[in-house]
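Trainee: sequence-free structure coming up:
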């Protein structure tokens, strides 16, 4: 048995809460939020649509997804 626990542990998220990123909205989520990827990690951004190139601030990071909001300049 391993002393560090068992099971698969996914690598740390490639995004950090509070940081600003730029990406293209690729798809729509179930709730109508725009969906983009940062290093293959899914980020949901409300108020966007497919094809939008957005600058966004990460507001919440979970194990498999993150949530962000558009940064207005």
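Mentor: Nice, thanks for sending it over. Values in this document were obtained by computation on a predicted structure and should not be read as measured data.
Trainee: top strand in the protein by residue count?
Mentor: strand 53-61 (DSSP state E).
Trainee: Okay, now the sheet partners of that strand, with direction.
Mentor: Strands adjacent to strand 53-61 in the sheet, as given by DSSP bridges, are strand 20-24 (antiparallel), strand 65-70 (antiparallel).
Trainee: Can you mark which positions in the first one are buried?
Mentor: Pointing back at strand 20-24 there. 21, 23 (16 or more other CB atoms under 10 Å). C-betas here are computed from N, CA, C, even on glycine.
Trainee: Let me see the mean pLDDT of that strand.
Mentor: Mean pLDDT, computed over strand 20-24, is 97.
Trainee: what separates it from the chain centre, distance-wise?
Mentor: Mean C-alpha position of strand 20-24 versus that of the full chain (CA atoms, centre = their mean, to the nearest Å) differs by 10 Å.
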